[in-house]
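[1] no sequence for this one, just the structure:
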């Protein structure tokens, strides 16, 4: 006889309809899936690139590559992270940078260091759903702040900060998951003014900004409020998710606490993966590799845009993003994304109902997210043709 | 202006004297350190072994090795885990096995799924100190249960279970960190009887059992109470810590919750590291590699034992363990391990004061832990000679 009593927080993270959808899709490779937000494995580095990185890393640094390492990160990876951060207008000293176990590892760790039960986290409308789960797993509540096509509305944010006194604000200013929208520099400045005046922390989740297909790069939100921003990025979308490499910049006071929890969470991020990633980023092929990734995804976005133009009924609205992996679609109020998804799966195409990204899902049943990065290029048009027929019904 | 308000739990995990010691040692490579419990990097696989594993894994499975993977684990690694578990008398179906981000990742995840603030976890006296921090980080309290040289005392455990109704019991039955002691099969059976009768879960932390230098292997505690045991092991001590590969076996009801939190903690354990580890374990060299590791550490244990016999004052007591990485020393009541450590560092030798491993540290100031795995073989005797002089003062 055994009685396993789960923690109260377990009720906050049980699997839901998305998990069921992804589980179903795993057994149906014939479905053209715009549902899963994963990168295209065809753009990952080949064995002929990866194996020599291991040789080089162990050759240079010896068995330290395979040993326990510093909580902060593998020093050569920290150096590479600083270079990468500078390109995003994040000029900070090395001691503010930390290499996490992916961006999700960073968010979990920061949430653990900052959230008490009953706390509020202000989020965008809509927002990245797994982040809501992370906050809930520490007993906190995500409260949505109104947004327009440019992201957080400064006045709404100001009012919400006054009303809720949140532990922090969580936002994805660049190529947002799920909407694909980007906060322009002028809006970042306005939001930063509010954040600075209220003396609060904004956690900037920025894992797509290297995937820009149109327009000019925008400095990270961090650069508008360096002392008030926790900046999180990762190499999952531009190198490989399985390396589980995240990069975080944060105020020193918070970093100490994050390190203390990190030791308990997983000791440190794999030195082996960090060493390989650092060699890759330092090597001559990194630039060309990123350009390749960007050109593949840009082509897919073109295909998806033109297919949507041709096949989606006119009452469906969507905006072409300047980068990232997602197009967000808003159907007419009568459109039921859940019901359509059930028919779509039978027809051989999948997407993600948008309501999952809202703190009040019921009101948003007519939206959905299309992820184009992972779909085979030639399947994009046939998939959208199928979907267009279903949306027209 | 920014105000970063840390979670209340942050006060439970701030760094302490051990962290200060390790930080100091990192800058003093000339010190002969018996303090850090890390493996000997000289026994790690070479680049000539590691690089071909990457080629083989990507060659066999393609870019899936670099992609997001299943929460449960990389299927070939799960297969290898099952084989490894069988050698320890853990016969379970694949669906009860999970590949975690190291053993620490497993403990964090299980604690997150099971612990509410105010909960009690029963631990051995003394116990692995970072585990106490992990439990505290979820607001739980570690309560020590009396032990003798064979581990947990069944009657004391029974009484503590009745009194504290803990969320679970945490124990390291084999080559315990810090004491090196091992619970024999007869004691495991007695403890299992109590655990089964009380219907409680025991979390078995077993990361050293492959490092056996004397005596016959003992079946894992799991095999005495399969439904009531969460079994945690890792490849850090026998392959490489930087791979961050842990293996967990647990009741299905708990596994679902652990998976839900895992997605929030770090999505999944690196498929890349899992794929490499699986190829290594499946390959022809794994057996010889483990035999090499065991023979290196066995020789170091011999050197340490004989040096202690020759140089430690007669009033200091210690027991030669049958395996693992640690010898535990109890000095006379007047011996002050903290004060001796300060003089030892000046003299060029380090150890870990034992009181850190107790829930009531004050009462155990005369104990210390010697870790022999990471010390260069030729430095063991000179180090103990120095230490012996300090202990005699």
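    Everything's here; your move. Because the structure is a prediction, the values reported are computed rather than measured. Numbering: from 1, shown residues only, chains lettered A, B, ... in the order given.
[2] Could you pull up the contacting residues of residue A:382?
    By C-beta atoms under 8 Å, 6 or more residues apart in numbering or on different chains, the contact set of residue A:382 is residue A:32. (Glycine included, C-beta is placed from N, CA and C.)
[3] where does chain A have low pLDDT?
    Applying pLDDT under 70 to chain A flags no residue at all.
[4] redo that, cut-off 90
    A:1-5, A:11-20, A:22-24, A:26-27, A:37, A:252-253, A:285, A:361-363, A:393 (pLDDT under 90).
[5] Next, the residue nearest to residue A:292 when sequence neighbours are not counted: phi, psi?
    Nearest residue to residue A:292, sequence neighbours excluded (C-beta to C-beta, 6 or more residues apart in numbering or on different chains): residue A:43, at 6.4 Å. Backbone torsions of residue A:43, given as degrees, to the nearest 10, read phi -90, psi 0.
[6] Assess the claim that residue A:43 and residue A:296 are in contact.
    Yes. If you go by C-beta atoms under 8 Å, residue A:43 and residue A:296 touch, sitting 5.4 Å apart.
[7] With neighbour numbers in mind, choose between those two.
    residue A:43 (21 against 16; other C-beta atoms under 10 Å in any protein chain shown).
[8] Just the strands from the stretch 51-200 of chain A, written as ranges.
    Counting by DSSP state E, counting those that start in this stretch, one finds strands in the stretch 51-200 of chain A at the ranges A:97-101, A:120-124, A:141-145, A:147-148, A:151-152, A:168-171.
[9] what's the burial count for residue A:59?
    14.
[10] what's the answer for residue A:117, then?
    15.
[11] Skip the chain neighbours and tell me the closest residue to it.
    Per C-beta to C-beta, 6+ apart, closest to residue A:117 is residue A:139, 3.0 Å.
[12] And stretch A:79-88, how far out from the chain middle?
    Counting by C-alpha atoms, centre = their mean, to the nearest Å, stretch A:79-88 is centred 19 Å from the centre of its parent chain.
[13] What residues sit buried inside that stretch?
    Neighbour-count burial for stretch A:79-88, with 16 or more other C-beta atoms under 10 Å in any protein chain shown as criterion, is recorded at A:79, A:80, A:81, A:82, A:84, A:85, A:88.
[14] Not counting it itself, show me its contacts.
    Contacts for stretch A:79-88 (C-beta under 8 Å, 6+ apart): A:73, A:91-92, A:94, A:97, A:99, A:206, A:209, A:217, A:219-220, A:222-223, A:231, A:233, A:247, A:249, A:277-278, A:281-282.
[15] quick one on the thing from earlier: if I look at the residue nearest to residue A:292, how far off is residue B:61?
    For residue A:43, the distance to residue B:61 (C-beta to C-beta, to the nearest Å) stands at 17 Å.
[16] Just confirm residue A:45 contacts residue B:66, I think it does.
    Yes. Residue A:45 lies in contact with residue B:66 (C-beta under 8 Å); the separation is 7.3 Å.
[17] In terms of neighbours, single out the busier of the two.
    When residue A:45 is set against residue B:66 and neighbours are counted by other C-beta under 10 Å, the residue ahead is residue B:66, at 28 against 18.
[18] For that one, which residues are in contact?
    A:41, A:44, A:45, A:50, A:240, A:241, A:242, A:243, B:58, B:271, B:272.
[19] With adjacent residues omitted, what lies nearest to the last one?
    Across the structure, with C-beta to C-beta, 6+ apart as the measure, the residue nearest residue B:272 apart from its sequence neighbours is residue A:242 (4.0 Å).
[20] Ok, residue A:305 next?
    Nearest to residue A:305 is residue A:320, by C-beta to C-beta, 6+ apart, at 5.1 Å.
[21] now swap in residue A:151 and tell me
    Leaving aside its sequence neighbours, residue A:151 sits nearest to residue A:183 (C-beta to C-beta, 6+ apart; 3.6 Å).
[22] and the residue nearest to residue A:30 when sequence neighbours are not counted, how many residues sit next to it?
    Nearest non-adjacent residue to residue A:30, counting by C-beta to C-beta, 6+ apart: residue A:348, 6.3 Å away. Using other C-beta under 10 Å, residue A:348 has 15 other residues around it.
[23] swap in residue A:315?
    Neighbour number of residue A:315 under other C-beta under 10 Å is 13.
[24] can you list the residues of the stretch 101-250 of chain A near chain B?
    Residues of the stretch 101-250 of chain A found near chain B (C-beta under 8 Å from any C-beta of the partner chain) are A:101-102, A:104-105, A:108, A:112-117, A:130, A:133-134, A:137-138, A:167, A:196, A:199-201, A:227-228, A:236, A:240-244.
[25] Which pair of the buried residues of stretch A:79-88 spans the longest distance?
    The largest distance within the buried residues of stretch A:79-88, taken as C-beta to C-beta, falls between A:79 and A:88 and amounts to 15.9 Å.
[26] Count the residues that sit near the residue nearest to residue B:272.
    By the criterion of other C-beta under 10 Å, residue A:242 has 27 neighbours.
[27] Can you tell me the closest non-neighbouring residue to residue A:241?
    residue B:68 (4.6 Å).
[28] these two touch, right, the one you found and residue B:268?
    Yes. Assessed by C-beta under 8 Å, residue B:68 is found in contact with residue B:268 at 6.9 Å.
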